[in-house]
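Colleague: please find the sequence and the predicted model below.
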Amino acid sequence: SSGCAATTAVMASLSSGDHVVCGDDVYGGTFRLFDKVFKRFGIETTFVDHTDLVATEKAFKTNTKVCWVETPTNPMLKVVDIAALANITHRTSGAIMVVDNTFATPALQLPLTMGADVVLHSTTKYLGGHSDVVGGVLVGNDAALKDRLAFLQNALGGTPGPMDCFLTLRGTKTLHLRMQRHVEN
Ligand SMILES: *Cc1c(COP(=O)(O)O)cnc(C)c1O
């Protein structure tokens, strides 16, 4: 039902005592959710500059379950090396890597092909594209993970209305044209 609802579904798959490695420049609502809500439930987050791969690798702990990557970042537009970070995530922990691809959109960047486990989009932004709908989406390759996240989406109430889905699908039909123009601008 929103990008934040998609983030909530991923975070609610964790348990008290789990740890998250997150970029130091992420969407303000993502930071707020990690720092003001999930922290109270015993999920600890380390915020680290993901363009510094050495510092990022050092941030992983034995209980790290998610590496949360946003690229390009909102608001500073930092660009993170997704493939290198996926490599670090899978080599140093049993964690999954989640990429918030809201700013690039699937028209410009496909994190699943670079080693990400889950991709998040706030469809409120470029995907919807008309400032008349709010939504979010999670995309992945793993069927078991998909079932777990779909269960949580339904259980937590992050379900979009049919009109919202209709408006979001309308947005996707001009996405590639609009992104070309954004890039030119
Ligand atoms: C807006 C935004 C979100 C949150 O999306 P909402 O649909 O507004 O809840 C998440 N990530 C990024 C990068 C965003 O820009």
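Modeller: Received it, and whenever you're ready, just let me know what you need.
Colleague: who are the contact partners of the residue of the chain found nearest the ligand?
Modeller: Across the chain, no residue is closer to the ligand than Gly3, which sits at 2.2 Å (Cβ to the nearest ligand atom). All C-beta spots, glycine's among them, are computed from the backbone N, C-alpha and C. With contacts defined as Cβ atoms under 8 Å, 6 or more residues apart in numbering, Gly3 is in contact with 27, 29, 100, 102, 120-125, 135-136.
Colleague: derive a ChimeraX selection command for the buried subset of these.
Modeller: Only the buried entries of the contacts of Gly3 go into this ChimeraX selection, using 16 or more other Cβ atoms under 10 Å:
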select :27,100,102,120,121,122,123,124,125,135,136
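Colleague: need the contacts of Gly3 in a markdown table (columns: secondary structure, pLDDT and distance to Arg40).
Modeller: Converted to a markdown table, the contacts of Gly3 look like this (DSSP: H, G, I helix; E, B strand; the rest coil; pLDDT from 0 to 100; distance: Cβ to Cβ, whole Å):
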| residue | secondary structure | pLDDT | distance to Arg40 |
| --- | --- | --- | --- |
| Tyr27 | coil | 98 | 20 |
| Gly29 | helix | 98 | 16 |
| Asp100 | strand | 98 | 22 |
| Thr102 | coil | 98 | 25 |
| Leu120 | strand | 98 | 22 |
| His121 | strand | 98 | 27 |
| Ser122 | strand | 98 | 24 |
| Thr123 | coil | 98 | 28 |
| Thr124 | coil | 98 | 26 |
| Lys125 | coil | 97 | 28 |
| Gly135 | coil | 98 | 26 |
| Gly136 | strand | 98 | 22 |
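Colleague: next, the buried residues of whichever helix or strand Ile88 is part of.
Modeller: Using DSSP states H and E, Ile88 sits in helix 82-92. Of the residues in helix 82-92, those scored as buried under the neighbour-count criterion (16+ other Cβ under 10 Å) are 82, 85-89, 92.
Colleague: as CSV, those with pLDDT and distance to the ligand would be great.
Modeller: Conversion of these to CSV gives the following (pLDDT from 0 to 100; distance: Cβ to the nearest ligand atom, whole Å):
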residue, pLDDT, distance to the ligand
Ile82, 98, 15
Leu85, 98, 16
Ala86, 98, 19
Asn87, 98, 23
Ile88, 98, 21
Thr89, 98, 19
Thr92, 92, 25
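Colleague: near the ligand, which residues of this structure show up?
Modeller: For the chain, the contact set with the ligand under Cβ under 6 Å from any ligand atom comprises 2-4, 27, 29-30, 70, 74, 100, 102-103, 122, 124-125, 134, 136.
Colleague: which stretches of the protein form helices?
Modeller: 3-11, 28-32, 53-59, 82-92, 105-108, 143-156, 162-172, 175-184 (DSSP state H).
Colleague: right, and those - which one's nearest Gly129?
Modeller: Smallest distance to Gly129 across the helices of the chain (Cβ to Cβ): 4.2 Å, for helix 162-172.
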